[in-house]
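K.L.:
Below is the sequence, then the predicted model.
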Amino acid sequence: MAAPTHFSVAEQVLAEAVAAGAFPGAAYGILHPEGLAVGSVGRFMYDESSPLVSPETVYDIASVTKVVATTSMAMRLFERGILKLDQPFHQIMPEFVSEEPADSPKRLVTMRMLLAHSSGLPGWAPLYELCATREELLAACYRMQLTTVPQRKTEYSDIGFILLGEALQRLAGEPLDTFVFREILSNLAMSSTLFRPPAQMSGYIPPTEHDLKFRNRIIQGEVQDENCWVMGGVAGHAGLFSNVGDLLKLADCMLSGSRELFWPETVQFFTTRETEPNGTSRALGWDTPSPEHSSSGRCFSAWSAGHLGFSGTSLWIDFKQRIAIVLLTNRCWPSRENNAIRTVRPLFHDAVMRALGAHSANVLRP
């Protein structure tokens with residue numbers, strides 16, 4: 001699909017990235033005060049016989065799940081007074097400290113810390129290598145030791161969000177996926193967003209990776225993240241599939257202040273950068289643009305929030321300028337060793353923002 005002329009430079013950035021092998025294809029969407037623009041480049045795979053990507057193409061959005069599903073669920077429960085951010089995690093999930101001494105620092109971990117990635121839990125572990133079931137993997141997470149004292153530093157943690165998802169389920173009294181479907185996806189008519197796509201959809205979803213180490217097959221239409229896969233495809237840190245249009249619906253809801261899902265005060269609260277630990281860029285669930293080398297580029301205002309996905313996906317929202325940008329790719333095809341998207345993301349975002357006139361000194365970050 002051809003891009004509007006307004007964003008031709010931005011689409012050229014993506015086309016050149018495809019030609020350079022950063023990813024075989026991409027879909028993007030831009031929500032701005034004057035309207036909506038969507039476009040796409042490339043194919044599902046580099047093979048010329050592979051299907052063309054369209055703005056409707058559904059991708060594995062990987063860790064963007066953390067904000068679309070898990071953080072959105074947290075926001076809903078927070079508004080109802082069910083989620084108390086400073087409640088110790090172990091009061092909800094006693095399994096976390098069942099083998100710990102009374103003075104264990106794990107008892108200091110709160111729900112806020114899990115959302116803000118300041119719990120002291122490690123960022124990641126290949127638990128799938130040792131765990132064959134969801135229950136085994138969760139038990140391994142409960143036993144996980146902290147790498148630092150809680151609130152001392154920020155470490156982006158999949159482990160933390162796996163545990164957060166479990167705690168939110170317990171607070172809600174129902175599984176994460178059913179809560180998210182009813183409370184978030186259905187309310188916003190996000191009909192192309194789902195956990196565990198049915199088998200008949202797989203051919204319409206770009207493959208993420210040719211896995212030669214664990215599943216030993218092409219990963220297409222099933223979650224790429226191995227820990228999430230062992231958990232059955234539903235977890236707090238990954239598992240959702242979605243497309244450009246659906247993700248823009250969530251962004252529009254957050255920008256509009258319509259109270260369709262969240263109170264405007266809740267949106268501002270969860271997307272405002274935390275003051276501790278010192279130097280963190282994290283808000284509650286969301287990330288914010290870092291002063292240097294942000295994937296959002298250099299033109300997003302200070303009041304912005306977003307998230308990346310390992311598979312090559314991202315969502316960034318600028319609340320001051322009322323702009324949202326979705327970029328979906330399968331940058332791991334055929335191998336996750338390809339990290340060229342790190343250069344592409346800021347170039348693309350800058351090209352979009354400058355096309356919208358967001359290049360003056362008053363909106364550039366220092």
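P.N.:
Great, that's in hand. No experiment lies behind these values; they were computed from the predicted model shown. Residues are numbered from 1 along each chain as shown.
K.L.:
tell me the contacts of the residue nearest to the spatial centre of the chain?
P.N.:
Geometric centre of the chain, nearest residue: residue 64, 1.3 Å, by Cα atoms, centre = their mean. Residues counted as contacts of residue 64 (Cβ atoms under 8 Å, 6 or more residues apart in numbering) are 240, 242, 247, 307, 308, 309, 313, 314, 315. Every C-beta, even on glycine, is put in place using the N, C-alpha and C of the backbone.
K.L.:
Mind doing that once more with 10 Å?
P.N.:
Neighbouring residues of residue 64 by Cβ atoms under 10 Å, 6 or more residues apart in numbering: 238, 240, 242, 247, 250, 306-311, 313-315, 326, 328.
K.L.:
Which one of these sits in the busiest neighbourhood?
P.N.:
Scoring those on neighbours with other Cβ atoms under 10 Å, the highest-scoring entry is residue 240 at 34 neighbours.
K.L.:
Please verify my assumption that residue 213 contacts residue 226.
P.N.:
Yes - taking Cβ atoms under 10 Å as the definition, residue 213 is a contact partner of residue 226 at 9.1 Å.
K.L.:
Which one of those two is surrounded by more residues?
P.N.:
Per other Cβ under 10 Å, whichever of residue 213 and residue 226 has more neighbours is residue 226, with 19 against 10.
K.L.:
from memory the more buried one sits against residue 215, does it?
P.N.:
Yes - in this structure, residue 226 is within contact of residue 215 by Cβ under 10 Å, at 7.9 Å.
K.L.:
anything in contact with each of these two?
P.N.:
In contact with both residue 226 and residue 215: residue 128, using Cβ under 10 Å, 6+ apart.
K.L.:
circling back: roughly how far apart are the residue nearest to the centre of the chain and residue 223?
P.N.:
13 Å (Cβ to Cβ, to the nearest Å).
K.L.:
Return every residue with contacts to both of these two.
P.N.:
What both residue 64 and residue 223 touch, as defined by Cβ under 10 Å, 6+ apart, is the set 238, 240, 311.
K.L.:
For the first one, list the residues it contacts.
P.N.:
Spelled out, it's residue 238. Residues in contact with residue 238 (Cβ under 10 Å, 6+ apart) are 60-66, 69-70, 158, 161-162, 165, 195, 223-229, 231, 309-311.
K.L.:
which residues of the stretch 101-250 of the chain fall in strands?
P.N.:
Secondary structure of the stretch 101-250 of the chain (DSSP state E, counting those that start in this stretch): strands located at 194-195, 209-211, 217-219, 240-242.
K.L.:
Which among the ones you listed is found nearest to residue 336?
P.N.:
strand 209-211 (5.8 Å; Cβ to Cβ).
K.L.:
what pairs with that closest one, and is each one parallel or antiparallel?
P.N.:
Strand 209-211 has the following strand partners under DSSP bridges: strand 217-219 (antiparallel).
K.L.:
Would you confirm that residue 309 contacts residue 223?
P.N.:
No - taking contacts as Cβ under 10 Å, residue 309 lies outside contact range of residue 223: 11.2 Å.
K.L.:
Tabulate the shared contacts of residue 64 and residue 223 (CSV), appending distance to residue 298 and pLDDT.
P.N.:
Listed next are those as CSV, based on distance: Cβ to Cβ, whole Å; pLDDT from 0 to 100:
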residue, distance to residue 298, pLDDT
238, 29, 98
240, 29, 98
311, 25, 98
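K.L.:
need these in CSV with distance to residue 21, can you?
P.N.:
What follows is the shared contacts of residue 64 and residue 223, written out as CSV (distance: Cβ to Cβ, whole Å):
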residue, distance to residue 21
238, 25
240, 27
311, 16
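K.L.:
quick one on the thing from earlier: which among the contacts of residue 238 end up buried?
P.N.:
60-66, 69-70, 158, 161-162, 165, 195, 223-229, 231, 309-311 (16 or more other Cβ atoms under 10 Å).
K.L.:
from the residues you listed, which ones fall inside helices?
P.N.:
65, 158, 161, 162, 165, 226, 227, 228, 229 (DSSP state H).
K.L.:
so residue 90 sits right up against residue 104, yeah?
P.N.:
Yes - counting by Cβ under 10 Å, residue 90 does reach residue 104; the two are 9.0 Å apart.
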